[in-house]
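**Q** quick one, what's the 3D model for this:
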Amino acid sequence: MEIKIRTEHITLGQFLKLADFIGSGGQAKLFIETNTIKVNGTPIIQRGKKLYPGDIIMVNNESYSITGGSIASKNT
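**A** Coordinates of the predicted model:
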């Protein structure tokens, strides 16, 4: 799945919200603590981790990619 962003980068917490894993940024900490998340193959636990176009995010063995775009949206 691709997550399009309109800015240079987003944080892991913002990604989780755009990808519909959480409903608000406040839920990010608990989600990150209780799920396996990797960015470009490296385990991540910081919700403020910056994600850039080209990054591959694995959430519980599901793959997502960050792409640049004019509108922040979710595409399958």
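
**Q** could you list the low-pLDDT ranges of this protein?
**A** Low-confidence segments of the chain (pLDDT under 70): 69-76.

**Q** ok, which stretches of it are helices?
**A** In order along the chain, the chain carries the following helices (DSSP state H): 12-18, 28-34.

**Q** so what touches the last one?
**A** The one in question is helix 28-34. 12-13, 16-17, 21-22, 44-47 (C-beta atoms under 8 Å, 6 or more residues apart in numbering). (Glycine included, C-beta is placed from N, CA and C.)

**Q** tabulate the CA atom coordinates of it in CSV.
**A** Provided in CSV are the C-alpha atoms of helix 28-34 (Å, rounded to 0.1, in the frame of the first residue of the first chain):
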residue,chain,number,x,y,z
ALA,A,28,0.6,6.2,18.7
LYS,A,29,2.7,5.5,21.7
LEU,A,30,0.6,2.5,22.8
PHE,A,31,0.3,1.2,19.2
ILE,A,32,4.1,1.4,18.7
GLU,A,33,4.7,-0.4,22.1
THR,A,34,2.3,-3.3,21.2
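
**Q** in it, what's buried?
**A** Residues of helix 28-34 classed as buried by neighbour count (16 or more other C-beta atoms under 10 Å): 28, 31-32.

**Q** for residue 46, which non-adjacent residue is closest in space?
**A** residue 12 (6.7 Å; C-beta to C-beta, 6 or more residues apart in numbering).

**Q** enumerate every residue touching the spatially closest residue to residue 16 that is not a sequence neighbour.
**A** Closest residue in space to residue 16, ignoring its immediate chain neighbours: residue 22 at 4.9 Å, by C-beta to C-beta, 6+ apart. Residue 22 sits next to 13, 16, 28, 31 when contact means C-beta under 8 Å, 6+ apart.
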